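In: here is my input; please provide its structure:
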Amino acid sequence: MNKKIFAIFIAVCFVILAGNTSAVKINSKPTKNYKNYTMEELIKNFDPNCKDMTDEEVAEYIEKVKIKPNLATPEHVEIQKPSYIVSTGDYTTEIFEPPWGVHDITYKEEKWGISEAGCEGTADAYQGWTHVAAVAGPGAGESSMTVWITHGIYYCAPYTDEYNIHFEYDIEGWYDGSVTGIDACISVESVVFFIISGVMNEREDICYDQSIPIVHMVLKNRFGKHFYQMYAEKKLIKGNYYYIEVQAAIKVRALGALIDWGYMYGYLADFEADELKDGSVLSKIVIKYPERNKPPNKASNPYPENGATDADADGYLRWECSDPNDPEESLKCDVYFGTTNPPPLVEKDVTKDIVWQYDVGDVDYKTTYYWRIDVKDPHGEKTQGDVWHFTTKEKGAIPRDFFLPGFIRWLLNA
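Out: The predicted model follows:
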């Protein structure tokens, strides 16, 4: 008799187990490993909120619950110079590394339903680990906690052109959670956003996991991507400022049922962060753009000296000029000279003859003159110079030659 009872007991258990197994089938096919499920399959089949939703409703729900980038202006913004600049003649490459001029941490907690739902996060993301937690149930409680860690630069585009921009990043974390019954649900999501304000907002999914009744009620795993790069080619406008940044985000979510609880904890690593400006997720930003002609430098080193009150009345002007791209011999200068300010144009396209100089002819004694030199390069760029002035000495004073050494001029005027 005992053997018959035992056999019946075994048969009943087998039927129950078979029934439970059929409950986790998707589209009447054998259950896959949970790691192979898509986010849509997980949510539609195992999230209590989505049991009776259509595919379109599930898509809308996913859009609602998944992490969005935090597009608010970062709290900490500083102009950051590149760590290195490499010029090949065809391209200029600017390389930016920590500490970052843009750095921020933002978190958001959401709770719905009963009071037992709760969530928390830590803002010490730059000293080891970022911690987030969500707890919900029993009842219709739901909670989530999201943290965004932002690092990057505030960048002014030097030219209007297509820029090649790539980000180097390294992200790592883990999560740990469980549910007490088949009607509760927990999930974790981690993503990286690559943002150029007003130009680009790209999303890279790092991790998504969700509880599955019976087979996957405990979530515990590590995740990460190491030494990855993200490339983009975007048009930037000269003179415009852009936030070029990376946001690493993690979100945990717990949904309680009538008598069941859900607990979910998530962590993002920040091992190498010694202070707020550093961070182990973003390691480098590289910006590459075509080399452009740069305008000539302003004319400098005027003679007679600017503001001189005893200049010689010999009519010679002398100056120096240069260009970042072109040899000095390829430059031309426009000369402005007169007794009024601003002075009128007296000669165009003056070229260098041993030194940069121009003879304005006879000038009056004890008179103030104003002059200016505009420098032009072969590519059509022009740099307007400063207005200089000098006053000639009284008649009868010994004239000084510009080309005599200062010691000889001193002897002549002693």
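
In: packing partners for the helix or strand where residue 148 lies?
Out: Using DSSP states H and E, residue 148 sits within strand 142-156. Contacts defined by 3 or more Cβ pairs under 8 Å, 6 or more residues apart in numbering; DSSP states H and E place strand 142-156 against strand 102-112, strand 118-121, strand 128-136, strand 241-255, strand 262-270, strand 282-290. The way it works is simple: take the backbone N, C-alpha and C, and place the C-beta from them, glycine included.

In: partners of the helix or strand following the last one, with directions?
Out: Read that as strand 282-290. Following strand 282-290 in sequence order, the next helix or strand is strand 300-303 (DSSP H and E). Strand pairing for strand 300-303, using DSSP bridges, gives strand 316-320 (antiparallel).

In: got the buried residues for the partner strand?
Out: 316-317, 319 (16 or more other Cβ atoms under 10 Å).

In: next, the angle from the strand holding residue 148 to strand 282-290.
Out: Computed by axes from the mean of the first three to the mean of the last three Cα atoms, to 10 degrees, the angle separating strand 142-156 from strand 282-290 equals 40 degrees.

In: report the angle between strand 142-156 and strand 102-112.
Out: Using the same axes, to 10 degrees: strand 142-156 against strand 102-112 is 160 degrees.

In: out of the buried residues of strand 316-320, which one sits closest to residue 285?
Out: Nearest to residue 285 among those: residue 319, at 41.0 Å, using Cβ to Cβ.

In: partner residues bridging the closest one?
Out: residue 356.

In: quick one: terminal-to-terminal distance for stretch 58-74?
Out: 33 Å (Cα to Cα, to the nearest Å).

In: what residues of that stretch count as buried?
Out: 58, 61-62, 65-70, 74.

In: re the thing from before, could you dump the strand holding residue 148 to CSV, C-alpha only?
Out: Output in CSV follows, covering the C-alpha atoms of strand 142-156 (Å, rounded to 0.1, in the frame of the first residue of the first chain):
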residue,chain,number,x,y,z
GLU,A,142,7.1,49.3,-7.9
SER,A,143,10.3,51.2,-7.6
SER,A,144,13.4,52.0,-9.6
MET,A,145,16.7,53.8,-9.1
THR,A,146,18.9,55.2,-11.9
VAL,A,147,22.4,56.8,-11.6
TRP,A,148,24.2,58.7,-14.4
ILE,A,149,28.0,59.3,-14.2
THR,A,150,29.1,62.0,-16.7
HIS,A,151,32.6,62.8,-17.9
GLY,A,152,33.7,64.8,-20.9
ILE,A,153,34.8,68.2,-22.3
TYR,A,154,33.3,71.6,-23.2
TYR,A,155,34.6,72.1,-26.7
CYS,A,156,34.7,75.1,-29.1
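
In: and the next element down the chain from that strand?
Out: With secondary structure assigned by DSSP H and E, strand 142-156 is succeeded by strand 161-179.

In: average model confidence for that next one?
Out: The average pLDDT within strand 161-179 is 92.

In: starting from that strand, tell me which strands it pairs with and how they run.
Out: Applying DSSP bridges, one finds strand 161-179 paired with strand 218-236 (antiparallel), strand 262-270 (antiparallel), strand 282-290 (antiparallel).

In: ok, residue 156 - how many residues close by?
Out: If you count neighbours by other Cβ atoms under 10 Å, residue 156 ends up with 12.

In: ok, it - contacts?
Out: Contact partners of residue 156, counting by Cβ atoms under 8 Å, 6 or more residues apart in numbering, are 239-242.

In: can you flag the buried ones in the residues you listed?
Out: Using 16+ other Cβ under 10 Å as the threshold, residue 242 are the buried ones among the contacts of residue 156.

In: and the contacts of residue 156, which is closest to residue 194?
Out: Closest to residue 194, out of all of the contacts of residue 156 and judged by Cβ to Cβ, is residue 242, at 12.5 Å.

In: isn't that closest one right up against residue 155?
Out: Yes: here residue 242 reaches residue 155: they are 5.1 Å apart, a contact under Cβ atoms under 8 Å.

In: coming back round to it: let's have the buried residues of stretch 58-74 in JSON lines, adding pLDDT, distance to residue 268 and secondary structure.
Out: Output for those, formatted as JSON lines (pLDDT from 0 to 100; distance: Cβ to Cβ, whole Å; DSSP: H, G, I helix; E, B strand; the rest coil):
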{"residue": "58", "pLDDT": "87", "distance to residue 268": "28", "secondary structure": "helix"}
{"residue": "61", "pLDDT": "86", "distance to residue 268": "25", "secondary structure": "helix"}
{"residue": "62", "pLDDT": "86", "distance to residue 268": "22", "secondary structure": "helix"}
{"residue": "65", "pLDDT": "84", "distance to residue 268": "19", "secondary structure": "helix"}
{"residue": "66", "pLDDT": "89", "distance to residue 268": "17", "secondary structure": "coil"}
{"residue": "67", "pLDDT": "92", "distance to residue 268": "12", "secondary structure": "coil"}
{"residue": "68", "pLDDT": "92", "distance to residue 268": "17", "secondary structure": "coil"}
{"residue": "69", "pLDDT": "93", "distance to residue 268": "16", "secondary structure": "coil"}
{"residue": "70", "pLDDT": "91", "distance to residue 268": "14", "secondary structure": "coil"}
{"residue": "74", "pLDDT": "88", "distance to residue 268": "18", "secondary structure": "coil"}
